[in-house]
Structures are given as structure tokens and as C-alpha cells.
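The sequence and its predicted three-dimensional model are supplied below.
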Amino acid sequence: MAANKELGITPTAGAAPSTDEFIKGLWRDNPVFVQVLGMCPVLAVSNTAENALAMGLATAFVLLMSNILVSILRDFIPKQVRIASYILIIATFVTITDYVIQAISVDLHKSLGAFISLIVVNCLILSRAEAFASKNTVGKSILDAAGMGVGFTFALLCLGAVRELFGNGTIFGLGVLPDNFQEWIVMILPAGGFFTLALWLLIFNVMEARKAKT
Amino acid sequence: MSTTTSIQPVAQPSSAKMLQAMVGIGLLCALLIVLTFEGTLPRIERNKAEALEKAIFKVVPGITSKQTFAFDSENQLSLIADDTEADQLVYAGYDENNQLVGVAIEASGMGFADVIRILYGYDIQQEKIIGFYVLESKETPGLGDKIEKDEAFLANFEALDVSLTDNKERVKNKIVPVKQGKKENPWEVDGITGATISSRAIGEILGGSTGSWAPRLAKSLEVLTKKEDHNGSE
């Protein structure tokens, strides 16, 4: 990244938003499998596919909304107070998400528990605000947030589906394994989260290494 | 960083500008939060009431309507409106002939991870617990949360004995938790291996709660059996 870009003084008008801003979050810069950001919810709320999906969508929503607002206000916020401003904006959308989830379903809110409020400190969101939205146009920021959000949700689902399948014998609550399958309880406990994450990171790295060779 | 970064391209912003930015964002955020809160509040309250209502109909099987009662400071039971905020609520359930089937009572106590809140159904005439539901628990998934799912454990609460002494002053045998497979008496709660602390907590919560509720309810049976027709919910 060029030095002047780091200073945040690059004129951002001109360059049209490209689909690459969206695609990079899905795969090349996947927030979980490549950047390894936001591990707390990834490990804690991926015990079932449904929880993983809900958590992923909630995070993606906060990421999208805060990226939009930060990008709109990027010329208005002085550099000295930018972190405080970003946190305020992120916390606002997390609170909104919390109320909306309670309005949708009490049961869902019960299963996500404390982790909704903890989206505030998900470093993925602050890092996108600081590294991207504060320096780019609203259009580009939306694409960036959407890509990262979908990538994060996808990664959570990868973990959630595997953990629920082996830990409970189901996917999205539907029984897919035979009834005599003995559940591996460890998979829905915290240790299972680490095992599954390690497995997915291994798969991703092997694939990257193969790609680099060819 | 390269040397170009040492050049200050813009002048320091004034304090007024920083203040303006922070206050402006603060106001905007406050407005957004308040609007969302106001907008979702009716939905959230309805959801919570529905969840409780569903639980009541679950723990007192076979009822078609309910009424809410509360004990006042003089220990007298009286009918109150459904949405009144009060402690010590009793939800009485009636069948289609307006006959009292049982009451649902909320109780809570410390589990393994956090406070467990439960709702249980109690048949005053037969002096038995007839249903059980976990309203809120943060017990370990896969282990402690078996108290919500384990069929053998839930079978404890189909007819758990809370017989009172002849003068209705106290419970004859307090409900006690026992180890899995050790249940011999109808007032014992068979535990779960692997969820020892959580299942024992349920036994203790029920023991404490029935100890104080059952004698009082037996004395107030007359108030509870009166079903007022105008209050027929569903």
C-alpha cells in the first residue's frame, strides 16, 4: 500500500468500484481462514449451523452498516478522534442488531446470548472501518463489507455444519446421520471448535500451497 | 514508513472540529438507537409473553385457558390482570369445563454456569408436580443442557410427589435430587450422569420452591378454582 494512501489523503473519487472488492473477502482475504480475525465468536457460536448462520448474518449486518456510515462521514471525522467515532458507530449498530434479533425470536436471542454484544469488539469490523471504509467511496465500502460479511458467514457455517454434524448428528436441526450414530460430544464443546478450525485452516493452506506451486 | 510520511499534508484540526464530529456522531447514534428501541419494543414484549404462555400450556397439560394470580403482602391470593408486573405470580390453568387442572410457578436457582430459571406445573388436588420447562439456562451445551432434553430426566416430572402433611402446614417429604438410577421414592429426582451439578440444581430448586408454595397454595385452593368467564384467554 502506498504511503500516501496510509495517510488517508488519497483522492478516492474516480476509480469505479470493481467486483474485486467483493470477491477478495470471500476467498483470497477471507476474514477467518486467511486473516484469522474475530476468533472469539468463530469458536464460541459455531456449535450448530443455525447459530453460526445467525451470528454470521448479524456480524455482516453490523459490518455493512458501519462501513457505510464511516465511509459517508470519512471527511467529517478528524483523524484524532477516528477510533472513538468508529467504536461509537459500531456499538450503535450492534445495539440495533440486538433489539432486532430479540424482536425476531426470543429463542434465537437466547442461543446467541452474550455474543451479540461482543460483536462490538470484533476486530474484523474495526479493521474494515479503519483500513478500508475511512479511505474509500461508499460504493466500494459497501462491496468490501458485503464480501467480508459473506466470507465471515461462510466460514462460520463451515465450522458450524461440521461441529453440529458430528456433535449432534444433525445439520440445521435435521437428522442426517443414522440413529445409532454415537455423537461426539467434544465437537460441540469449546475443544471441538479449535479442532474444527484447525482442520479448515489446514485445508485452506494446503489448497493455497497447491495453487502457488502450479 | 517512507520519508514522505514525515510531511504534514494538512493542518491540525481545531478542537472545535473534533468536538463537533464527536457530538454529531453521538447524537446521530443516539437517535438511531432510540428509534430502533421504540420500534421493536412492542414486538419484543409480545415475543416474551408468548414464550411464557407457551411454557405455561406445556407444564400444565390439557388446559385451554389460564388466569394469573399473585400473593399480596398479607399472603392472600388474588386475581390480577395478565400483564401486571409483580413477584410471586401463580398461573392457574383450566380445562374446557373451567375446572382447575393445575398451576404453573416460576422458580430459579444457581446452576453450573449461571442462574437457571424454570417453570413447573403443580396439581394442587393431587399434590404432585405434573410438568417442567426450562425458561432460561446457560448450562454447558452437550452436558448441562441435558436438563432440557434428557427424556429419562424429564420423566421425573410427570408425577413428582409433593404430598403435604395432614394439616397442610408443610411438605411431608421435601423433593431431593439423587444420583442417576438411585430413585426409590416418588419425591426423589433422578439425576443425569454427565450433568450432575445441573440436574442436582433442578432438584434443589424444586425442593425449595415447593416447600414454600405448596402449603400456601393448598390454603388458597378456593380462590384458584373460581374461573371468571370474562377472562377467557383463548
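Done, it's in.

chain center to the longest strand along chain B: distance?
Secondary structure of chain B per DSSP state E: the longest strand is strand B:100-110. How far strand B:100-110 lies from its chain's middle: 8 Å, per CA atoms, centre = their mean, to the nearest Å.

Lowest-scoring secondary structure element of chain A by mean pLDDT?
helix A:3-6 (a mean of 40; mean pLDDT, DSSP states H and E).

Quick check: buried residues in the helix or strand just after that helix?
Later in the chain than helix A:3-6, the nearest helix or strand by DSSP states H and E is helix A:19-26. The neighbour-count check on helix A:19-26 (16 or more other CB atoms under 10 Å in any protein chain shown) flags A:21-22, A:24-26 as buried. All C-beta atoms are positioned from the backbone trio N, CA, C, and that covers glycine.

Downstream of helix A:19-26, the next helix or strand is which one?
Counting by DSSP H and E, what follows helix A:19-26 is helix A:39-44.

Tell me the gap between that following helix and the middle of its chain.
Chain-centre distance of helix A:39-44: 10 Å, with CA atoms, centre = their mean.

Quick one: mean pLDDT for that helix?
The average of the pLDDT scores along helix A:39-44 is 85.

Do you have the helices of chain A handy? List them.
Assigned by DSSP state H, chain A shows helices spanning A:3-6, A:19-26, A:39-44, A:49-72, A:82-104, A:106-112, A:123-128, A:138-168, A:190-213.

Quick one: name whatever helix or strand follows the helix or strand where residue B:28 lies.
If you go by DSSP H and E, residue B:28 is part of helix B:15-59. Remark: after helix B:15-59, the chain's next helix or strand is strand B:65-71, criterion DSSP H and E.

Tell me which other helices or strands that following strand touches.
Applying 3 or more CB pairs under 8 Å, 6 or more residues apart in numbering or on different chains; DSSP states H and E, one finds that strand B:65-71 contacts helix B:15-59, strand B:77-80, strand B:89-94.

Relative to residue A:213, which of those is closest?
Closest approach to residue A:213 among those (CB to CB): helix B:15-59, 48.6 Å.

Report whether the closest one contacts chain A.
Yes. Helix B:15-59 is in contact with chain A by CB under 8 Å from any CB of the partner chain, via B:17-18, B:21-22, B:24-26, B:29, B:32-33, B:36-37, B:40, B:43-44, B:47-48, B:51.

hang on, the earlier thing: can you say which of the helices of chain A is nearest to chain B?
helix A:82-104 (3.9 Å; CB to the nearest CB).

Tabulate the CA atom coordinates of whichever strand or helix holds residue B:204 in PDB.
Using DSSP H and E, residue B:204 sits in helix B:196-219. What follows is helix B:196-219, C-alpha atoms only, in PDB (Å, rounded to 0.1, in the frame of the first residue of the first chain):
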ATOM      1  CA  THR B 196     -24.600 -33.900  37.800                       C
ATOM      2  CA  ILE B 197     -24.500 -30.300  39.000                       C
ATOM      3  CA  SER B 198     -27.200 -29.000  36.700                       C
ATOM      4  CA  SER B 199     -29.600 -31.900  37.400                       C
ATOM      5  CA  ARG B 200     -29.000 -31.600  41.200                       C
ATOM      6  CA  ALA B 201     -29.700 -27.900  40.900                       C
ATOM      7  CA  ILE B 202     -33.100 -28.600  39.400                       C
ATOM      8  CA  GLY B 203     -33.900 -31.000  42.300                       C
ATOM      9  CA  GLU B 204     -32.900 -28.400  44.800                       C
ATOM     10  CA  ILE B 205     -34.700 -25.500  43.100                       C
ATOM     11  CA  LEU B 206     -37.900 -27.600  43.100                       C
ATOM     12  CA  GLY B 207     -37.400 -28.700  46.700                       C
ATOM     13  CA  GLY B 208     -37.100 -25.100  47.900                       C
ATOM     14  CA  SER B 209     -39.900 -23.700  45.700                       C
ATOM     15  CA  THR B 210     -42.500 -26.400  46.500                       C
ATOM     16  CA  GLY B 211     -41.600 -26.100  50.200                       C
ATOM     17  CA  SER B 212     -42.800 -22.500  50.300                       C
ATOM     18  CA  TRP B 213     -45.500 -22.700  47.600                       C
ATOM     19  CA  ALA B 214     -47.400 -25.900  48.200                       C
ATOM     20  CA  PRO B 215     -48.700 -25.200  51.700                       C
ATOM     21  CA  ARG B 216     -49.800 -21.700  50.700                       C
ATOM     22  CA  LEU B 217     -51.500 -22.900  47.500                       C
ATOM     23  CA  ALA B 218     -53.400 -25.600  49.400                       C
ATOM     24  CA  LYS B 219     -54.900 -22.900  51.600                       C
END
